[in-house]
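1. need a structure here:
(one chain, ligands or ions: 1)
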Amino acid sequence: MIDLPPLLYQRLKKLCDDTSLSILQQERAALTARYHGHGDVRMHTRAQRLSYLATRMPSTYAALRSVLGFVPDMDKITSLLDLGAGPGTVIWALKGLAPLQKATLVEQDAELLSLAKELWKEDDALAIIHQKENLLSYQGAEPADLVVLSYVWAELDPARRFEVLARGYACAARYLIMVEPGTPSHAKGLLEARDFLLQKGAHMVAPCPHAAPCPLRAPDWCHFNVPVKREALHRQVKDVTHPFEFEKYSYLVVSPQETALPHGRLVRPPLKRSGHIILDACEAEGALVRRTISKKQKALYHDYKKKEWGDAL
Ligand SMILES: C[S@@+](CC[C@H](N)C(=O)[O-])C[C@H]1O[C@@H](n2cnc3c(N)ncnc32)[C@H](O)[C@@H]1O
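-> Now for the predicted structure:
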């Protein structure tokens, strides 16, 4: 279960104190309807932005934290270029995982950048550049160890987004990470980005343990799942009582350098039965392989029974 860092939650809650709960609830319903209707998802008022932060930041944070857990050598990441940074979720997700010294947050919405500043105040060790820019025209980035497009790919004009990706990849010294909601259409968008990046010479890091075509066929699609704790503010704005929810996400990590790939990755939840477990893994040869491991295969069973959906094998 992933929860927002207490400091971030306290600050978020304080920011929301001056807006009535019923307005935050209305704005959340309106934004959800726009997302589902593929309408204009830009935010225009402070209440809309706060409502978005209260209900979506815990989930995007949780998805990012999970993805970052699959990336090797995070202890070598000292610089970040966050494209479509919103409220700065990525710098929070990197906290404690990477010795970040410099972060450039590029975002078209000046008010969201201000909220990012209000949320992240005191950390002197991290120099942050806030750049109010449209990614479609943004040319000015310097190389960074890590380049991230988190929950932004589907918001970019499909006719122009590969230009943004090419510029982002050109800046990635170690990794480029993309995270999207875990729906079939967002996963398809990530596969298009994957093809484009592989053609540019990028090497896969995760989730695929290979650079072959994706073996998953509709109605299946590549996605993962993380439980997200709902703190009081989250529950109130969503008008729900359950203390947690699941965030489905899809993601992609590539690198300009070749990295050691795992043998496979679990692309579905393991089926844990009384005498055996069934594992569906995307494997290094580019195939989807189902394995049944019996309790009698003691060493293998011991290793595999701890594995969860999304883990490398
Ligand atoms: C769903 S939010 C995600 C924010 C953040 N990356 C996260 O994961 O929490 C998408 C963000 O991308 C920004 N965005 C979308 N299109 C953009 C563009 N053309 N230029 C700059 N920012 C853009 C939006 O303003 C919004 O803040």
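
2. okay, now the domains of this protein?
-> 6-255, 264-304 (automatic domain parsing).

3. export the ones you listed as TSV, with columns for mean pLDDT, distance to the ligand and mean neighbour count.
-> For the C-beta atoms, the positions are set from N, CA and C on the backbone; glycine is no exception. Formatted as TSV, the domains of the chain follow (pLDDT from 0 to 100; distance: least, Cβ to the nearest ligand atom, whole Å; neighbours: other Cβ atoms under 10 Å):
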stretch	mean pLDDT	distance to the ligand	mean neighbour count
domain 6-255	94	3	18
domain 264-304	95	22	15
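
4. what's residue 41 in contact with, if anything?
-> Residue 41 makes contact with 31, 34-35, 155 under the criterion Cβ atoms under 8 Å, 6 or more residues apart in numbering.

5. now with 10 Å?
-> 31, 34-35, 52, 154-155 (Cβ atoms under 10 Å, 6 or more residues apart in numbering).

6. next, the contact list for residue 173, please.
-> Counted by Cβ under 10 Å, 6+ apart, residue 173 has contacts 76-79, 81, 142-147, 255-257.

7. can we see that at 7 Å?
-> Contacts of residue 173 were listed using Cβ atoms under 7 Å, 6 or more residues apart in numbering, and they are 143-145.

8. pull the longest helix from this protein.
-> helix 46-68 (DSSP state H).

9. helices of the chain, start to end?
-> 6-16, 21-36, 46-68, 89-94, 110-119, 161-171, 184-199, 232-238, 298-304.

10. would CSV of the domains of the chain with distance to residue 310 be doable?
-> Converted to CSV, the domains of the chain look like this (distance: least, Cβ to Cβ, whole Å):
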stretch, distance to residue 310
domain 6-255, 4
domain 264-304, 6
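
11. thinking again about what came up before, tell me the one of the contacts of residue 173 nearest residue 101?
-> Relative to residue 101, the closest of the contacts of residue 173 is residue 145; by Cβ to Cβ it sits at 9.8 Å.

12. one step back: turn the helices of the chain into CSV, columns for distance to residue 292.
-> Shown next, in CSV, are the helices of the chain (distance: least, Cβ to Cβ, whole Å):
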stretch, distance to residue 292
helix 6-16, 42
helix 21-36, 39
helix 46-68, 27
helix 89-94, 36
helix 110-119, 47
helix 161-171, 39
helix 184-199, 26
helix 232-238, 39
helix 298-304, 10
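
13. which one of these lies nearest to residue 275?
-> Across the helices of the chain, closest to residue 275 is helix 298-304 (Cβ to Cβ), at 9.5 Å.

14. check which helices and strands that closest one is in contact with.
-> Here helix 298-304 touches strand 288-294, going by 3 or more Cβ pairs under 7 Å, 6 or more residues apart in numbering; DSSP states H and E.

15. cutoff 8 Å now
-> If you count contacts as 3 or more Cβ pairs under 8 Å, 6 or more residues apart in numbering; DSSP states H and E, helix 298-304 packs onto strand 276-283, strand 288-294.

16. strands paired with the last one, and their directions?
-> Same thing as strand 288-294. strand 276-283 (antiparallel) (DSSP bridges).

17. ok, residues contacting the strand it pairs with?
-> For strand 276-283, using Cβ under 8 Å, 6+ apart, the contacting residues are 207-210, 214-216, 222, 263-268, 270-271, 288-295, 301, 304-305, 307, 313.

18. one step back: so which of the contacts of residue 173 is the closest to residue 66?
-> residue 145 (19.7 Å).

19. looks like that closest one contacts residue 73 (just checking).
-> No. Checked against Cβ atoms under 8 Å, the pair residue 145 and residue 73 is beyond contact range at 9.4 Å.

20. longest strand in this structure, by residue count?
-> Taking DSSP state E as the criterion, the chain has its longest strand at strand 244-255.

21. what pairs with that one, parallel or antiparallel?
-> strand 172-181 (antiparallel), strand 203-206 (antiparallel), strand 224-229 (antiparallel).

22. so how far is it off the chain centroid?
-> 5 Å (Cα atoms, centre = their mean, to the nearest Å).

23. same question for stretch 170-187.
-> With Cα atoms, centre = their mean, you get 7 Å for stretch 170-187.

24. next one: stretch 206-223
-> The answer for stretch 206-223 is 17 Å, by Cα atoms, centre = their mean.

25. got a list of contacts for that stretch?
-> Contacts for stretch 206-223 (Cβ under 8 Å, 6+ apart): 67, 70-71, 182-184, 187-188, 190-191, 194, 198, 203-204, 224, 248-253, 261-265, 267, 282-288, 310, 312.

26. again, only using 6 Å
-> 70, 182, 184, 187, 191, 198, 204, 248, 250, 253, 261-262, 264-265, 284, 286-288 (Cβ atoms under 6 Å, 6 or more residues apart in numbering).

27. that stretch spans what distance, first to last residue?
-> 12 Å (Cα to Cα, to the nearest Å).
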